[in-house]
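Asker: Mind folding the following:
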Amino acid sequence: MRIRTDDEVYRVDAVWLGPPKATFPWRARYVAWLIGIPVFLVVLTIERWAGWSFGFFSTAWAFVATIVITRLITAKISHERPLGAVIAMAGRELNTPREKPAGTGGAVSASRIRVRAERPLPKHKRRRQYRHHGYGQGTGVTAGAQGAPRARRSRPAARAGR
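Answerer: This next block holds a predicted model:
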């Protein structure tokens, strides 16, 4: 048994094709006309504020911009989501409270990074240098590699297979 829904009734677009015996070569819904005319006036107003003079090309570009904007808006509108619901949804989306990210720090600076004049050596090439802790300790004189090296901790033997 086949159950038919009433969706076909709502899918019919209310389309105005133009005056009788002089129809337009395109199909435009009533909603598109209702949206397109105010959008065209707004686009012309924005052009004047931008300093463009009124002429053929500025009006043609305003017409093209109006068509693009109207198509974008009417793509979101259907019989299940009318224009009023889309406007209300956009208003709520723009006015909803947002989470404010808390700043955790200040400006980033490299002032605390220590920079050495010489390039560090790899571990296997480093030589330990010890200060001489004997006579003349407070003078700040170092003895370089003199002095007894510290005893190393023994490491466990490496296991086979690693």
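
Asker: my read is residue 85 is in a helix, agree?
Answerer: Yes: per DSSP: H, G, I helix; E, B strand; the rest coil, residue 85 lies within a helix segment.

Asker: That one and residue 94, how far apart?
Answerer: 15 Å (C-beta to C-beta, to the nearest Å). Every residue, glycine included, has its C-beta placed from N, CA and C.

Asker: again, but for residue 24
Answerer: Residue 24 is 35 Å from residue 94, by C-beta to C-beta.

Asker: what about the nearest residue to residue 73 once chain neighbours are set aside, neighbour count?
Answerer: By the measure of C-beta to C-beta, 6 or more residues apart in numbering, the closest residue to residue 73 outside its immediate chain neighbours is residue 35, 5.4 Å from it. Residue 35 has 20 neighbours, counted by other C-beta atoms under 10 Å.

Asker: Give me the phi and psi for residue 35.
Answerer: phi -90, psi -40 (degrees, to the nearest 10).

Asker: Residue 85 and residue 94 - which one has more neighbours?
Answerer: residue 85 (13 against 7).

Asker: was I right about residue 69 contacting residue 46?
Answerer: No: using C-beta atoms under 8 Å, residue 69 is not in contact with residue 46; the gap is 11.0 Å.
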